[in-house]
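Chemist: Turn this into a structure:
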Amino acid sequence: MKRYAIWVGILLFVGMLVSCGGGGGGGGSSSSAAPTGGGTPAGTPPNGGGGTDTSTRRFEENDATFVTRSGDWTASDPHAGWSKGAALESSAQGASITFSFTGTSVRWIGARGRDGGIASVQVDGAEVKQVNLFARPSDEFRTPCFTIYDLTPGPHTLTIVVTGNKDGGAAATSPGKVWVDAFEVNPMVVSHLQESDPAVAFSDGWAVVPTGLFWSGSGASNDGEPPVGAMVTETAGATATLQDNDRHLNVRGTSISWIGYRGPDAGIAAVSVDNGPEVLVDTYGDTFKVQEVLFTASGLADTEHTLRIRATGDKNPKSSAAKIFVDAFDVAKPGKRFEDDSTSANVSVTFGNVPGVPGSSWTPNNARVWSEGLSRTNVHQGASATFTFTGTSVSWIGCEKSTIGSARVFLDDQPPVDINMNKPVANAQGFAVQGFQRTIFRKDGLTKGPHTLRIEVTSNNNNFVVVDAFDILD
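Modeler: Residues are numbered from 1 along each chain as shown. Predicted coordinates for the structure are as follows:
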C-alpha cells in the first residue's frame, strides 16, 4: 500500500512547484444526485439576487456581473478542487475584491494554509472583521472564511482587502496570500467532516495516504496517534460509509458531499444515499486535483442520512488505475452558524475562566480544520462558555477524539446534560479516529425567543474541551 503514498506525494510536490503552496478548493466538476450551487441563476435581479428568495445561491469569483476587483490578482493552484475549477489569490497590499448582492446574509469562500495572510472584510464600506487565513499544519481549500447574518434586507457590498500582514506564526518567507473562490447568498450551515471522523467506517481493503501535502486535515494528529490524510483503495467491493451511529447528529442535513481526488490513475465508484440506487462516479481526470468535490446529494430532507461509496474496480479507459480516494465530507443544513469569536446584535459568545486559577482562560487554536479556521480550548475543570441567542434550535459544535474530555451543558432552566467527548485513538483497523466540526449537543423545539446555553468543563485529566461554533434556527 505504500506505493499510493509515494505516487501521490510526488504529484503533490509537483503541484507545490507550480504554485508555491497556494491554497485550493474542492469544487470543480462533480457528479451529483441533484444539482448543486454554482453561478448566477436565470432571472436573477441586479446585485446578486434577493427579493423573497431564501435559497442558497453561489456566485463565482470571476462573475463580472456581481464581482469587481482592483490590484494584482492571479489564478490559484489549478491542482486544487476550487468551486467551478478556479480561484484568485493575491498578496499585494491593498488589492481588493467586491461582491455586490441583495440579501440578509453572505459568505466568502476561499482557503486557509501555511501561506495565508490577513484580510480586511468590509460590509457596505465599513470594516467588520480582520480574517486571519494562516493555518497549520496543512492547506484547506474551498472553505468558508467569513459569514455574516442579519443584514437589513436590500442591496449590500462585501469587500475583501489584502492587508499585507500575516500571522506571527507564519514563516518569514510566507507571502501572506488571500484567496477568493466564490460567494454565497443565504448560505447554509456546513460541517466539514474528515475521513477520520467517528461517523465514517471503512471496510477491509483501504489504506491510509498520510503524506500528501494537500489532503484536508493532513498531518493533524498528536504524538502516538495514527496518521491522518486520506484513504485509498483499488479493491473492488471495498466500501466507505458515512453514517452516525452515536448521537445521530452529525450526518443530519439537506446536502452531503464526498470530497476526494480526481486524477489520471483514479477509478469509478458507485455511490448511494440512504440505501437508494447507486450512482456511478468516474473520478478520472487528465490532471490531478485534491480536495475535489466528487459527488453531492442535495435536496434531502433535514434528517439523518447514510452515504456509501463502493469501489467498483472499474476505470475510465484513459485511466492507468482504479484508485478511489476518500478525504472528507461536507454536510450542509439550514440555519445560521456563529463562530467562537462572533459578535452580533442577536447573539453573543463569552468565555469564563476558573476564578482563582491562573492560566485557566480559553486558548485560541488554529491547528486543526475548525469551522472558519479557529476554535477555543480549555482543560480546566469549571471553565465555561456561554452562548446567548434567539431561536428555536441550538447546537454546540466541537470536537471528539482521544485527547478530548467531558462537559456539562446547561440550556435555560432545563436539566443539565453531561457529555463525554473522549474517543479511542483508532478504530479496530488501526485507522485514526478524530472528529472535528462535530455536533456535540443539539436541542430543537425551543420557544421562539431569547435563550442561554452554557458549557462547563467537567473533566479534570488535562483533556481538552473545544468550543468551535454554535448553530441556531430562527
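
Chemist: Give the buried residues for stretch 199-218.
Modeler: For stretch 199-218, the neighbour count (16 or more other Cβ atoms under 10 Å) marks 199-202, 206-218 as buried. For the C-beta atoms, the positions are set from N, CA and C on the backbone; glycine is no exception.

Chemist: Next: stretch 116-133.
Modeler: For stretch 116-133, by 16+ other Cβ under 10 Å, it's G116, G117, I118, A119, S120, V121, Q122, V123, K129, V131, N132, L133.

Chemist: Adding distance to P144 and secondary structure, write those residues out as TSV.
Modeler: As requested, the buried residues of stretch 116-133 are exported to TSV (distance: Cβ to Cβ, whole Å; DSSP: H, G, I helix; E, B strand; the rest coil):
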residue	distance to P144	secondary structure
G116	14	strand
G117	17	coil
I118	17	strand
A119	13	strand
S120	17	strand
V121	12	strand
Q122	18	strand
V123	16	strand
K129	13	strand
V131	11	strand
N132	14	strand
L133	12	coil
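
Chemist: Taking those residues together, which two end up most distant?
Modeler: Farthest-apart pair in those is G116 and V123; separation 21.2 Å (Cβ to Cβ).

Chemist: and of the buried residues of stretch 116-133, the nearest to Q93?
Modeler: Once Cβ to Cβ is applied, the member of the buried residues of stretch 116-133 that ends up nearest Q93 is G117, at 9.4 Å.

Chemist: wait, doesn't that closest one sit right on K177?
Modeler: Yes. At 5.6 Å, G117 counts as touching K177 under the criterion of Cβ atoms under 8 Å.

Chemist: any idea how the protein splits into domains?
Modeler: 6-189, 192-333, 336-473 (automatic domain parsing).

Chemist: Any idea how far apart the tips of the last one sit?
Modeler: Looking back up the chat, that one is domain 336-473. Taking Cα to Cα, to the nearest Å, domain 336-473 runs 6 Å from one end to the other.

Chemist: And for stretch 397-415?
Modeler: 20 Å.

Chemist: Any idea how far it is from the middle of the chain?
Modeler: How far stretch 397-415 lies from its chain's middle: 21 Å, per Cα atoms, centre = their mean, to the nearest Å.

Chemist: for the record, mean pLDDT for it?
Modeler: The average pLDDT for stretch 397-415 rounds to 97.

Chemist: May I have the phi/psi pair for K84?
Modeler: phi 60, psi 20 (degrees, to the nearest 10).

Chemist: And for stretch 401-412, what's in contact with it?
Modeler: 222, 225, 379, 394, 396, 398, 416-425, 433-435, 440-441, 443, 451-459, 461, 463-466 (Cβ atoms under 8 Å, 6 or more residues apart in numbering).

Chemist: again with stretch 420-429
Modeler: Counting by Cβ under 8 Å, 6+ apart, 198, 201-202, 204, 206, 224-226, 398-402, 404-407, 432-435, 438, 440, 459, 463, 465-466 sit against stretch 420-429.

Chemist: do that again at 7 Å, thanks
Modeler: 198, 202, 225-226, 398-402, 404-406, 432-433, 435, 440, 463 (Cβ atoms under 7 Å, 6 or more residues apart in numbering).

Chemist: go on, stretch 346-357?
Modeler: 150, 338, 340, 342, 360-362, 376, 380, 382-390.

Chemist: Of those, grab the buried ones for PyMOL.
Modeler: Remark: buried members of the contacts of stretch 346-357, expressed as a PyMOL selection using 16+ other Cβ under 10 Å:
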select buried, resi 338+340+342+360+362+376+380+382+383+384+385+387+389
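
Chemist: Please flag which of the contacts of stretch 346-357 sit within strands.
Modeler: Judged by DSSP state E, the contacts of stretch 346-357 include F338, R376, S384, A385, T386, F387, T388, F389, T390 as members of strands.

Chemist: any idea how far the most centrally placed residue in the chain is from R142?
Modeler: For the chain, the residue lying nearest the average C-alpha position, counting by Cα atoms, centre = their mean, turns out to be H192 (3.7 Å). Here the criterion is Cβ to Cβ, to the nearest Å. By it, H192 lies 10 Å from R142.

Chemist: Would you mark the buried spots in the host helix or strand of T350?
Modeler: Per DSSP states H and E: T350 is located in strand 348-352. For strand 348-352, burial by neighbour count (16+ other Cβ under 10 Å) applies to V349, F351, G352.

Chemist: tally of neighbours for the nearest residue to Q414 once chain neighbours are set aside?
Modeler: Counting by Cβ to Cβ, 6 or more residues apart in numbering, Q414 lies nearest to K443, which is 7.9 Å off, once chain neighbours are set aside. K443 has 17 neighbours, counted by other Cβ atoms under 10 Å.

Chemist: what about the residue of the chain positioned farthest from its centre, is that helix, strand or coil?
Modeler: What lies farthest from the middle of the chain is G356; by Cα atoms, centre = their mean that is 36.8 Å. Assigned with DSSP: H, G, I helix; E, B strand; the rest coil, G356 falls in the coil class.

Chemist: So what's the predicted local confidence for it?
Modeler: pLDDT at G356 comes out at 93.

Chemist: now do the one 4 residues further on
Modeler: pLDDT for S360: 95.

Chemist: Check V465 too.
Modeler: 98.

Chemist: Leaving out the residues flanking it, which one is nearest to N165?
Modeler: I118 (4.5 Å).
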